[in-house]
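*Asks:* Need the 3D shape of this:
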Amino acid sequence: MTRLRFIPIQLTRYPHTNEALFAIALWPVLFAIGCWRTPQIVQFLNAQGVEISMLQVFLAGFGA
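*Replies:* Purely as a prediction, here's the structure:
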C-alpha cells in the first residue's frame, strides 16, 4: 500500500520550469472553455437588460 504525501509540503514547493510554463500556457484555454460551458453570466446580464456577449465576458475575465 502506498503512502499519501503530506499535502501542506506540496503546497509550499515551487513548480519546475516546465510545470510553470505548462500552467501559464494552459490557463487561458481552460478559462475559455469555462466561459463557453457556463453561459449563465451572459444570460443573467441579458435578462437584466445589459447587452453583452460571451466574447466580452471572456475578454473582461482574461484581462483581469
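*Asks:* Near L45, how many other residues are there?
*Replies:* Other residues within reach of L45, judged by other C-beta atoms under 10 Å, total 15. Every residue, glycine included, has its C-beta placed from N, CA and C.
*Asks:* wait, what's in contact with it?
*Replies:* I52 (C-beta atoms under 8 Å, 6 or more residues apart in numbering).
*Asks:* Give me the longest helix you can find in the chain.
*Replies:* helix 17-37 (DSSP state H).
*Asks:* Name the residues of the helix or strand just after that one that are buried.
*Replies:* Sequence order places helix 40-47 as the next helix or strand after helix 17-37, per DSSP states H and E. Residues V42 are the ones in helix 40-47 that count as buried (16 or more other C-beta atoms under 10 Å).
*Asks:* ok and helix 40-47 relative to helix 17-37, angle-wise?
*Replies:* Following axes from the mean of the first three to the mean of the last three C-alpha atoms, to 10 degrees, one obtains 40 degrees for the angle between helix 40-47 and helix 17-37.
*Asks:* Determine the set of other helices and strands touching the helix or strand that helix 40-47 is followed by.
*Replies:* Next along the chain after helix 40-47, taking DSSP H and E as the criterion, comes helix 54-63. Packed against helix 54-63 by the contact rule (3 or more C-beta pairs under 8 Å, 6 or more residues apart in numbering; DSSP states H and E) you find helix 17-37, helix 40-47.
*Asks:* Which one of these lies nearest to L59?
*Replies:* Across the helices and strands packed on helix 54-63, L59 has its closest neighbour in helix 17-37 (9.7 Å, C-beta to C-beta).
*Asks:* neighbouring contacts of that closest one?
*Replies:* P15, M54, V57, F58, G61, F62.
*Asks:* What residues of that helix count as buried?
*Replies:* So helix 17-37, judged by 16+ other C-beta under 10 Å, has buried residues C35.
*Asks:* Equivalent analysis for stretch 50-64, please.
*Replies:* Applying 16+ other C-beta under 10 Å to stretch 50-64 flags V57, F58 as buried.
*Asks:* Can I get that stretch in PDB, CA atoms only?
*Replies:* Taking Å, rounded to 0.1, in the frame of the first residue of the first chain, the C-alpha atoms of stretch 50-64 are listed here in PDB:
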ATOM      1  CA  VAL A  50     -27.400  44.600 -20.300                       C
ATOM      2  CA  GLU A  51     -26.500  43.500 -23.900                       C
ATOM      3  CA  ILE A  52     -23.200  41.600 -23.500                       C
ATOM      4  CA  SER A  53     -21.700  38.700 -25.500                       C
ATOM      5  CA  MET A  54     -19.700  35.700 -24.300                       C
ATOM      6  CA  LEU A  55     -16.600  37.200 -26.000                       C
ATOM      7  CA  GLN A  56     -16.900  40.300 -23.900                       C
ATOM      8  CA  VAL A  57     -17.200  38.200 -20.700                       C
ATOM      9  CA  PHE A  58     -14.100  36.300 -21.800                       C
ATOM     10  CA  LEU A  59     -12.100  39.400 -22.600                       C
ATOM     11  CA  ALA A  60     -13.000  41.000 -19.300                       C
ATOM     12  CA  GLY A  61     -12.000  38.000 -17.300                       C
ATOM     13  CA  PHE A  62      -8.900  37.400 -19.400                       C
ATOM     14  CA  GLY A  63      -7.700  41.000 -18.800                       C
ATOM     15  CA  ALA A  64      -8.500  40.900 -15.000                       C
END
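*Asks:* Nice, that's everything, thank you.
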